[in-house]
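Trainee: Just the structure for this:
(2 chains)
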Amino acid sequence: MANNEDAYRFEAGDLLRYAILGLAGFLSLVPFVYMLLLSGMSQYEAINASTWWPETFLIFENLETAWAYGRFWLYAINTVVVTLFSTLGQVVFCALAGYAFAAISFRGKRLSFLLLLITLMVPEAVLITPTFTVIKGQIFGISVLNIMTLMLIATAVTLLLYALLSVVATLTARQILIWPLTFAGLLAFMGMLTIAGVVNADFGTVLADELWPPKTLLNTYQVMILPIIGNAYSIFLFRQFFIQLPDELWQAAKLDGANHLQYFVRVVVPLSVPAFSTIGVLAFIWSWNSYAWPILTQTGADPNYTLSVGLRELSNDYISHIPAQMAGALIVVLPVLIAYSIAVRQFTDSLARVGIK
Amino acid sequence: MTLISRLFSKGTIGWWFAGPGLLMLIMWQIAPILIAGFMSVHRWKPIRDRFLGLEHYADLLGEWGPGVMFFTCLALLIGGVWLFNQPARALTEGFRRNLLGGLLLIAAAGSLWARNFLVDAIARFPELTEKREIRDFKRATFENWRGEESEQLLLVGGAAHQFLLHAGLLVALAGLILFLPWKRLTRWVNRVVGLAVLVLACSALALAWHRMIIAGNEDFLASLISTLFYSVGVVFIQISLGLIIAFGLYRRLRGDGLFRYLIFLPYITPAVAMATVFSVIFRERSSGLINRILGQLGISPMQWLTNETPIMQALFGLEWVGLAGGPTIGLITVMMFGIWSYTGYNAVILLAGLTAVPKDLYEAAEIDGASRWQSFTRITFPLLSPVIFFLALTGLIGTFQAFNHTFVMFEQTGGRNESLIVASIFVFQELRSGDFGEAAAMGVLLFFLILLITAAQFILAGRRLNSDL
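Mentor: Numbering: from 1, shown residues only, chains lettered A, B, ... in the order given. The predicted model follows:
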């Protein structure tokens, strides 16, 4: 690839380009640097108009204040649970739907795709009221939602087991009975949960409250997970990726006797790692950022807030303690920053590829 | 066996793949719209009560006339621009029909105008109310009046809108007389009718809005104005800046990977955390970063987030309110955050659009002696317009639902700066106060607005697009 076009030659216009990029990069970075600086200061230094630089860097003290005061342990665990399951669910189900829209022709495809595009336009302010009423059990019984949750879990576990076994089969180059093993795994998973619930009564209660709350979904984890699993934007992104795969691949796989699921798991998924990491990171960020919904639905005496809401509580109570606030913000930002830094290359490239389509 | 094979046959396998995802979408994003419609026609505080009909909507938009007129005029506006843009020959066959339709519209808008004129006249000349018919009309019209303040508003607003209306009509008339090639009227009928519809829709829109503010839910309408300022401002500026940055990234430079990393960084960072940081940066004490920088330049520290001064007043000292006054400085601060966090995304997408423009076009233009600027306006911009359209569309929808950072910054002001209450915050507060029915009605209205905006963008930009988006 090292031809003449790729070799860098300086041009007069590059000075301007560097100036633009330098300014933009600098402005992007300033709030982060300022956040770091402030979270290393003492309160006195932070409100003093003449200090630019902290005398001793107190970042760990401030992190500790934020962590301890904001009950961040609890919030961190909540956030991890919510983020993990919603990201996983979103990636699995949106990838499947995206594949269907990209590669399979079925009745009502155009109509449902139209539905998808309409969904892209619906603002959250429209949805928040009726959704809140639904999860309070005022529109239809909560058991509908509970059955849906269980079905989703079962489907996701089955698919993940199936994918895992396919990978094992490919790696070891052996014929194994994938479907029977998958169902055995599903049964084992359910059995394990049951046994754990019976042995440890606390765990059993938590599990039962979570998976089958009788009257309302308020104060559960699933209320924060379920509504964000189906995401039109993710389905659309996945479709844009899968549509670019050459049709010859599918024809070849069909000749070898593969069905859509086998083709999807063994060919499409390995070829679309950038797509999965991009949408995975996006889903992670969306779930990590969710704010209004946790505030609204976690109403009990001991709310299961996420970190973002924890930061709000910290800001409200420590209204003038700037270093603690900044340390809290740092805690919220850092994991996302790490996830982004890992996936950065694929991220910008694949988003760009979708945007021009 | 046949059942299973039929369940997994060629025709149904797509549904097995798409089913779970679609089901979740329908469940949480499509059905709620219908449920919102259902809730909005009931008293629902916080559980379902009696059927109310369209009372919530009437509460929000004031009376029926202005509300319906407002949405009709928005649609008319779009239709006017569309008609204006039609090629001369395209509609000449049905030209009588067009003319008739146009005249009907003009008559409709005109009658509304006359009605409003009467209202304004009553407000301005109280002695007219001696007559009985007018007194009754006034009573029927001003049932929802809220005292002195709105009375003044009516006067000011009425005067302004009438000025607008008359100016618009005069300009249209002058245009008709001066520029119309009377002999070839048939070829220009689209333009004429389009223009007439446009002018009348604009004036009727202004009048309807003015009536809505008097009789409807003032705070809700104010939040719509805030949202409008926020959306249009942020989308316009972030696309422009994104274009400049994309130009910077277009050529492969040394270290452009680092720049790309940095520029895209704001888009992915949690808005809640960074909005907290921004409120600290823009805090009103002299120790806030921005105020310190201003201090170094010799400017005295000023309020940012908590500042409720409209921009027109802050810059030019004009004491205009509402739509004419522009966004407040507090809202502009929030907009700065929006621009900061989304410009990088726009730049990356625009960059992809730029690289998709074939290079030989530029070379050909250079041979033909085109300047840089000419090749930008004649080649780059037209070929980039589908991407810009995509960004404007998704950007407007996205900014319409901007909640997280706006809410954080609003709370950082202690909830004092009401100009920061955009529509989504307003709905959220209404929901928390327990009036679900009204909150649902607001949501439905917002949805219609977004639909109209989207339709407008498709209709207005559709002709110039060479893409099947």
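Trainee: Please name every helix or strand in contact with the helix or strand where B:Leu23 lies.
Mentor: Here B:Leu23 is covered by helix B:13-25, with elements defined by DSSP states H and E. Using 3 or more C-beta pairs under 8 Å, 6 or more residues apart in numbering or on different chains; DSSP states H and E as the contact definition, the elements that helix B:13-25 packs against are helix A:72-103, helix A:109-121, helix A:142-172, helix A:232-242. Bear in mind the C-beta positions are built from the backbone N, C-alpha and C, glycine included.
Trainee: Out of those helices, which is closest to chain B?
Mentor: Distances from chain B to each of the helices and strands packed on helix B:13-25 were compared using C-beta to the nearest C-beta; the shortest belongs to helix A:72-103, at 3.2 Å.
Trainee: Could you check the angle that closest one makes with helix A:142-172?
Mentor: Calculated by axes from the mean of the first three to the mean of the last three C-alpha atoms, to 10 degrees, helix A:72-103 forms an angle of 70 degrees with helix A:142-172.
Trainee: Can you pull out the low-pLDDT segments for the stretch 101-250 of chain B?
Mentor: Scanning the stretch 101-250 of chain B for pLDDT under 70 picks out the ranges B:101-191, B:193.
Trainee: Now do the closest residue to chain A within it against B:Arg378, distance only.
Mentor: Here the residue of the stretch 101-250 of chain B nearest chain A is B:Gly248; by C-beta to the nearest C-beta that distance is 3.8 Å. Separation of B:Gly248 from B:Arg378 (C-beta to C-beta, to the nearest Å): 22 Å.
Trainee: Compare the two and say which one has the larger neighbour count.
Mentor: Higher neighbour count among B:Gly248 and B:Arg378: B:Gly248, with 26 against 13, using other C-beta atoms under 10 Å in any protein chain shown.
Trainee: can you give me the offset of the helix holding B:Leu23 from its chain's centre?
Mentor: Counting by C-alpha atoms, centre = their mean, to the nearest Å, helix B:13-25 is centred 34 Å from the centre of its parent chain.
Trainee: what's in contact with it?
Mentor: Helix B:13-25 is contacted from outside by A:93-94, A:96-101, A:104-109, A:112, A:115-116, A:119, A:148, A:152, A:155, A:226, A:229-232, A:235, A:259-260, A:264, B:8, using C-beta atoms under 8 Å, 6 or more residues apart in numbering or on different chains.
Trainee: Who are the packing partners of the helix or strand just after it?
Mentor: Past helix B:13-25, further along toward the C-terminus, the next helix or strand under DSSP H and E is helix B:31-40. Contacts defined by 3+ C-beta pairs under 8 Å, 6+ apart place helix B:31-40 against helix A:124-135, helix B:436-462.
Trainee: Would you mind finding the most buried of those helices?
Mentor: Each of those was assessed for mean neighbour count using mean count of other C-beta atoms under 10 Å in any protein chain shown. The highest is helix A:124-135, with a mean of 25.
Trainee: now the angle between helix A:109-121 and it, please.
Mentor: Relative orientation of helix A:124-135 with respect to helix A:109-121: 100 degrees, computed using the same axes, to 10 degrees.
Trainee: list the helices and strands helix A:124-135 packs on?
Mentor: The elements that helix A:124-135 packs onto, with contact taken as 3+ C-beta pairs under 8 Å, 6+ apart, are helix A:292-297, helix B:31-40, helix B:423-432, helix B:436-462.
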